[in-house]
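Chemist: What follows is a predicted structure for the sequence shown.
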Amino acid sequence: MTVAAAGRLDSLLAERTEANRAFFTARAEEVARCCHRMAERFARGGRLVALGLSPAARSDVRHVAVEFVHPVIVGKRALPAIGLSREGGPLTVQADLIAEPDDIVIAFGTDEDGAGEAVEALRMARERGCQTIAFSECGAEWEFEPPGEDPFVRQELAETLYHVLWELVHVFFEHRGLLEGREAGPVHDTGASSFLYPFLSEGETGLDEVIEDVRSNVLMKAEEVGELRERTINGSRHELLAAAADLRSLFDRGGKALVFGNGGSATDSMDLVADLRAAPQGWPARAALDLTEDPSILTAIANDIGTEAIFLRQVIAYGREGDAAIAISTSGNSVNLIEALTEARRRELVTLAFVGYDGGRIASEGLTDHVIVTPSQHIPRIQEAQASAYHALRELIELR
């Protein structure tokens, strides 16, 4: 199995490299213009409204909402974003109640079976005057359909795209004269984010010049994640293969995976659990619990004990010998993950972590049986490469 798994890992990486290159090369200017239109709506008081029904789509809904509301770029403004999924009832009803004409509505899972409700909600929003964005041909104003048939690859490209939209919409706020309803400022100042946008000049420029600069930056970010994906998968090749073998063995013995993370990593936990329980490829369902899923449990523990215990207490409640604990983190230093992993090892669970930067304490202190390191300090790119890694892991588990 090791030789076959290693060969399949090479194929998975090659597929992603080519899809990433083709997609963003073809759509970079359109992405830049979409950013401009989004910035105009935010400037007028509009909000981002994300919607999707399936478990995987729900994870993207939550992910894009938290990125806009809680920006990780120092000095960048928080932007209003709302996530609508199956918890709130029919999407058409929710969209009818929430969406306003100046809003931006982004829909996920519109190419999936049973997605008619999401498509109808998107159509309703467009008729109301909202800017609409989707990742398939479904009647949205802006349609960015990723190439290929692999649902994991398509989701990864969509994640990179909505991260790029979030990052680069801020560029147009710095060029206030290019936004309808706002007056131009005398100078341009990128502030604390200047290291991300070295192409921007000090003065206001014309729209075409800014669009071209943003287009170039889209391509730069796509190239960056392509390189980081390769460094992650090749740099952690042995760990991925070993973790897949361990997880397959424990699943076959009736074990389950407990998956957890904070913020954007919490939404990646949602995604991994969705893929384990109901992979779109039709693979066998695997037992998994998302420890970020129940807000009543999370807020009760956080309020009565502290945020450091929100996953620890759940590991105590649910974890048994023969299970697995899987942590997802961009820093590798989150105390609540460290506490939960320490308890999981005490209870003899298999432990695995996906971490960014240099691996943080989780890697340096050897807190897991397997650690997949994504060597970067740029949080959006870390999360995108981590998605490729855990998607590859999910496929390797089923490799016979």
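Modeler: Now that the structure is in, tell me what you want to look at.

Chemist: make it CA atoms for all contacts and neighbour counts henceforth
Modeler: OK.

Chemist: what's in contact with stretch 137-153?
Modeler: Residues from elsewhere that reach stretch 137-153 (CA atoms under 8 Å, 6 or more residues apart in numbering): 16, 19, 22-23, 27, 34, 110-111, 119, 122-123, 126, 131-136, 154, 157-158, 280-281, 388, 391.

Chemist: Tell me which residues of stretch 303-314 come out buried.
Modeler: By neighbour count on 16 or more other CA atoms under 10 Å, the buried set for stretch 303-314 is 307-314.

Chemist: just the helices in the stretch 251-400 of the chain please.
Modeler: Remark: helices assigned in the stretch 251-400 of the chain by DSSP state H, counting those that start in this stretch are 264-277, 295-304, 312-318, 335-346, 360-364, 379-397.

Chemist: same for the third one, what does it pack against?
Modeler: On a contact count with 3 or more CA pairs under 8 Å, 6 or more residues apart in numbering; DSSP states H and E, helix 312-318 meets helix 335-346.

Chemist: so what does the helix it packs on touch, helix or strand wise?
Modeler: Using 3+ CA pairs under 8 Å, 6+ apart as the contact definition, the elements that helix 335-346 packs against are helix 312-318, strand 324-328, strand 350-355.

Chemist: can I get the ones you listed in TSV with distance to S249 and mean pLDDT?
Modeler: Formatted as TSV, the helices and strands packed on helix 335-346 follow (distance: least, CA to CA, whole Å; pLDDT from 0 to 100):
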stretch	distance to S249	mean pLDDT
helix 312-318	19	98
strand 324-328	11	98
strand 350-355	11	98
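
Chemist: Out of the ones you listed, which gets nearest to E223?
Modeler: Minimum separation from E223 across the helices and strands packed on helix 335-346 (CA to CA) falls at strand 350-355, 20.6 Å.

Chemist: Which strands border that closest one, and is each parallel or antiparallel?
Modeler: strand 324-328 (parallel), strand 370-373 (parallel) (DSSP bridges).

Chemist: Give me the residues contacting the last one.
Modeler: Residues lying outside strand 370-373 but in contact with it, judged by CA under 8 Å, 6+ apart, are 232, 235-236, 239-240, 242-243, 351-359, 363, 389.

Chemist: For ChimeraX, write the select line for the buried members of the residues you listed.
Modeler: Buried residues among the contacts of strand 370-373 (16+ other CA under 10 Å), as a ChimeraX selection:
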select :232,235,236,239,240,242,243,351,352,353,354,355,356,357,358,359,363,389
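
Chemist: Which of the helices or strands spans A65?
Modeler: Using DSSP states H and E, A65 maps to helix 55-69.

Chemist: So for that helix, what gets flagged as buried?
Modeler: 55-68.

Chemist: Send me the helix or strand just after it as CSV with only the CA atoms.
Modeler: Using DSSP H and E, the helix or strand that follows helix 55-69 towards the C-terminus is strand 81-84. This file holds the C-alpha atoms of strand 81-84, laid out as CSV (Å, rounded to 0.1, in the frame of the first residue of the first chain):
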residue,chain,number,x,y,z
ALA,A,81,-20.7,39.0,6.8
ILE,A,82,-23.6,36.6,7.6
GLY,A,83,-23.7,32.8,7.0
LEU,A,84,-26.9,31.0,6.2
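
Chemist: Direction included, what does strand 81-84 pair up with?
Modeler: Here, using DSSP bridges, strand 81-84 pairs with strand 48-51 (parallel).

Chemist: what does the average pLDDT come to for the strand it pairs with?
Modeler: In this model, strand 48-51 has an average pLDDT of 98.

Chemist: related to what we said a few turns ago, would you mind finding the most buried of the strands paired with strand 350-355?
Modeler: Among the strands paired with strand 350-355, strand 324-328 has the highest mean neighbour count (mean count of other CA atoms under 10 Å), at a mean of 27.

Chemist: quick check: angle from it to helix 264-277?
Modeler: Orientation check (axes from the mean of the first three to the mean of the last three CA atoms, to 10 degrees): strand 324-328 against helix 264-277 gives 140 degrees.

Chemist: report the angle between the axes of strand 324-328 and helix 379-397?
Modeler: 150 degrees.

Chemist: Do a quick rundown of the strands in the stretch 101-250 of the chain.
Modeler: Remark: strands assigned in the stretch 101-250 of the chain by DSSP state E, counting those that start in this stretch are 104-107, 131-134, 142-143.

Chemist: still on that earlier bit, what about burial for the contacts of stretch 137-153, which qualify?
Modeler: Neighbour-count burial (16+ other CA under 10 Å) is assigned, among the contacts of stretch 137-153, to 16, 19, 23, 27, 34, 110-111, 119, 122-123, 126, 131-136, 154, 157-158, 388, 391.

Chemist: Could you report the separation of D294 from G263?
Modeler: Taking CA to CA, to the nearest Å as the measure, D294 falls 14 Å from G263.

Chemist: Look at these two and report which has more neighbours.
Modeler: Using other CA atoms under 10 Å as the criterion, D294 and G263 rank with G263 on top: 16 against 9.

Chemist: got the contact list for that one?
Modeler: Residues 63, 66 are the ones in contact with G263 under the rule CA under 8 Å, 6+ apart.

Chemist: try the one 4 residues further on
Modeler: Contacts for T267 (CA under 8 Å, 6+ apart) come out as 59-60, 62-63, 261.

Chemist: how about 6 Å then?
Modeler: 59, 63 (CA atoms under 6 Å, 6 or more residues apart in numbering).

Chemist: thinking again about what came up before, from the buried residues of stretch 303-314, pick the one nearest A327.
Modeler: Nearest to A327 among those, with distances taken as CA to CA, is F311, at 9.9 Å.

Chemist: any idea how far A317 is from the closest one?
Modeler: F311 sits 10 Å away from A317, going by CA to CA.
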